[in-house]
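A.B. asks: Mind folding the following:
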Amino acid sequence: MVPYTITTVEWTTPILLSGYVATNSIKGSILQIFNLTLGILCYIPFVKLAESVSYIRMINSFRRVCTVFKENEEKGIVSTLISRNDDTGNISRFLTADLEYALKNNKVMLFYQPQVDYKGDIFGVEALLRWKHDIYGYIYPPLVIALASEGHLMDKLSYWILNRVCSDLNKMNKLGFRNIIVSINMSVAQLENDYFVNNLQKSIKKHKIAQDKLEIEITEQIALRSSKDIRDRIMAMKKLGVRLAMDDFGIGHSSLMYLKEYEFDTIKLDGSLVREILYNNNCRDIIQSIVSLGKSLNYSVIAEYVEEEEQRDILYELGCHRYQGYLYSKPLNYDELIEYLLDKCKSKFCG
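C.D. replies: Numbers count the residues shown, from 1 in each chain. Below you'll find the model as predicted:
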């Protein structure tokens with residue numbers, strides 16, 4: 001039988017004792033435990049449903065942030081995200097706070113994609129920024145840069161990248177890989193930072209690396225939009241002895257003009273030229289022209305997005321002998337890179 005309540009119970013009475021106190025019977029405690037268990041079992045599905053709905057809303061809001069950013073990126077518009085008074089702004093502010101925490105706790109990563117010649121010998125790697133968020137997974141790198149810029153974290157992020165690259169390069173040197181060149185792709189926001197060149201110099205000095213084993217990549221869009229301050233910083237980098245590369249190089253008038261203005265050491269072919277090389281003769285002619293110009297102006301040419309042997313073989317026939325892409329390797333974290341280098345090590349890279 002269900003026990004009757006025979007006395008009042010104070011609200012401070014422990015829940016497992018309250019049934020016994022109220023009924024003066026062990027049956028009261030058993031009933032209380034049963035009611036508690038039943039209540040929890042009924043409540044849990046609603047909690048899980050609420051958590052699921054909240055998670056879906058967060059993911060959808062995050063996707064809207066990415067969509068807004070990429071749409072503006074395609075149009076050449078600088079995105080303003082943090083100052084918005086909507087879900088996009090809320091998520092952007094949360095992401096920026098999480099990015100600051102990640103920088104402080106070393107949760108941002110660098111991956112490296114090998115660069116090789118026709119024989120498969122490794123001459124360099126490109127450093128690629130990666131941030132894996134606990135909820136949203138890997139965040140689109142240009143979005144990370146944009147949030148850091150708008151959230152006044154660019155100095156911290158740029159210094160972290162430069163310091164980590166120099167640290168990893170120093171470790172590679174100690175392992176015998178002294179001829180590897182590490183290239184770093186820099187955005188307008190990073191180059192606009194007043195402390196960029198100073199951070200670069202500090203990182204080089206701190207880790208005691210050769211300046212000519214670092215290469216800063218800029219895009220044609222950066223050169224096109226660059227202010228006097230950015231041009232001065234590029235020139236200051238060159239004076240330090242750091243190498244300079246132009247990424248996504250085409251055959252347009254602006255590309256050719258910047259070859260004259262800056263002393264580039266490396267030109268990286270526009271990805272669309274490499275992707276279409278198998279079936280577009282115009283792309284082949286353009287690449288051949290760029291390679292020929294490179295020989296005259298004394299810069300090397302690297303083809304990115306090389307994914308098939310047929311692409312590589314056509315590039316080789318056109319005079320391009322340096323490649324980067326999934327045909328050789330995906331981007332690797334530092335430990336994976338060292339394993340890759342050791343596996344592919346040639347005598348000219350060691351000792």
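
A.B. asks: quick one, strands of the stretch 101-250 of the chain?
C.D. replies: Under the criterion DSSP state E, counting those that start in this stretch, the stretch 101-250 of the chain contains strands at 108-117, 122-133, 137-138, 181-185, 214-219, 243-249.

A.B. asks: Turn those into a markdown table, including mean neighbour count, mean pLDDT and distance to Lys260.
C.D. replies: C-betas here are computed from N, CA, C, even on glycine. Listed next are those as a markdown table, based on neighbours: other CB atoms under 10 Å; pLDDT from 0 to 100; distance: least, CB to CB, whole Å:
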| stretch | mean neighbour count | mean pLDDT | distance to Lys260 |
| --- | --- | --- | --- |
| strand 108-117 | 20 | 94 | 26 |
| strand 122-133 | 20 | 94 | 25 |
| strand 137-138 | 10 | 91 | 38 |
| strand 181-185 | 22 | 93 | 22 |
| strand 214-219 | 22 | 89 | 15 |
| strand 243-249 | 22 | 88 | 12 |
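
A.B. asks: dump the residue contacts of the residue lying closest to Leu162 once chain neighbours are set aside.
C.D. replies: With CB to CB, 6 or more residues apart in numbering as the criterion, Leu162 has its nearest non-adjacent residue at 4.3 Å, and that residue is Ser203. Applying CB atoms under 8 Å, 6 or more residues apart in numbering to Ser203 gives the contacts 159, 162-163, 165-166.

A.B. asks: Out of these, which is nearest to Ile218?
C.D. replies: Leu162 (14.9 Å; CB to CB).

A.B. asks: Figure out how far stretch 67-77 is from the centre of its chain.
C.D. replies: 18 Å (CA atoms, centre = their mean, to the nearest Å).

A.B. asks: Kindly report the same for stretch 172-190.
C.D. replies: For stretch 172-190, the distance to the chain centre is 15 Å (CA atoms, centre = their mean).

A.B. asks: Equivalent analysis for stretch 299-318, please.
C.D. replies: 25 Å.

A.B. asks: for stretch 121-129, same thing?
C.D. replies: Distance, centroid of stretch 121-129 to centroid of chain: 15 Å (CA atoms, centre = their mean).

A.B. asks: got the contact list for that stretch?
C.D. replies: 108-117, 141, 144-145, 161, 165, 179-185, 215, 217, 322, 324, 331, 337, 341, 344, 346, 348-349.

A.B. asks: can we see that at 7 Å?
C.D. replies: Residues outside stretch 121-129 that contact it (CB atoms under 7 Å, 6 or more residues apart in numbering): 110-117, 141, 144, 161, 165, 180-185, 324, 331, 337, 341, 344, 346, 349.

A.B. asks: for stretch 147-164, same thing?
C.D. replies: With CB under 7 Å, 6+ apart, stretch 147-164 has contacts from 80-82, 92, 95-96, 99-100, 103, 108, 110, 129, 184, 189-190, 193, 195-196, 199-200, 203.

A.B. asks: Show the buried residues in these.
C.D. replies: Among the contacts of stretch 147-164, those buried by neighbour count (16 or more other CB atoms under 10 Å) are 81-82, 92, 95-96, 99-100, 103, 108, 110, 129, 184, 189-190, 193, 196, 199-200, 203.

A.B. asks: Next step: the residues you listed restricted to helices.
C.D. replies: 92, 95-96, 99-100, 103, 189-190, 196, 199-200, 203 (DSSP state H).

A.B. asks: what's the lowest-pLDDT member of these?
C.D. replies: pLDDT across those is lowest for Ala189, at 77.

A.B. asks: Contact partners for it?
C.D. replies: So Ala189 contacts 145, 149, 154 (CB under 7 Å, 6+ apart).

A.B. asks: now the helices for this protein?
C.D. replies: 15-23, 26-75, 87-104, 141-150, 154-174, 188-192, 196-207, 220-225, 228-240, 253-261, 271-275, 281-297, 309-317, 334-344.

A.B. asks: what helices or strands is the third one leaning on?
C.D. replies: Judged by 3 or more CB pairs under 7 Å, 6 or more residues apart in numbering; DSSP states H and E, the packing partners of helix 87-104 are helix 26-75, strand 122-133, helix 141-150, helix 154-174.

A.B. asks: How about residues contacting it?
C.D. replies: 61-62, 64-65, 68, 81-84, 108, 131, 133, 144, 147-148, 151, 153, 156-157, 160.

A.B. asks: CA atoms only for it - export them in PDB, please.
C.D. replies: Coordinates of each C-alpha in helix 87-104 appear next as PDB, following Å, rounded to 0.1, in the frame of the first residue of the first chain:
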ATOM      1  CA  ASP A  87      23.000  36.500 -34.500                       C
ATOM      2  CA  THR A  88      25.900  36.900 -36.900                       C
ATOM      3  CA  GLY A  89      27.400  39.500 -34.600                       C
ATOM      4  CA  ASN A  90      26.800  37.400 -31.400                       C
ATOM      5  CA  ILE A  91      28.500  34.300 -32.900                       C
ATOM      6  CA  SER A  92      31.300  36.500 -34.200                       C
ATOM      7  CA  ARG A  93      31.900  38.000 -30.700                       C
ATOM      8  CA  PHE A  94      31.900  34.500 -29.200                       C
ATOM      9  CA  LEU A  95      34.300  33.200 -31.800                       C
ATOM     10  CA  THR A  96      36.700  36.200 -31.200                       C
ATOM     11  CA  ALA A  97      36.700  35.500 -27.500                       C
ATOM     12  CA  ASP A  98      37.400  31.800 -28.100                       C
ATOM     13  CA  LEU A  99      40.200  32.800 -30.500                       C
ATOM     14  CA  GLU A 100      41.800  34.900 -27.900                       C
ATOM     15  CA  TYR A 101      41.600  32.000 -25.400                       C
ATOM     16  CA  ALA A 102      43.000  29.600 -28.100                       C
ATOM     17  CA  LEU A 103      46.000  31.900 -28.700                       C
ATOM     18  CA  LYS A 104      46.700  32.200 -25.000                       C
END
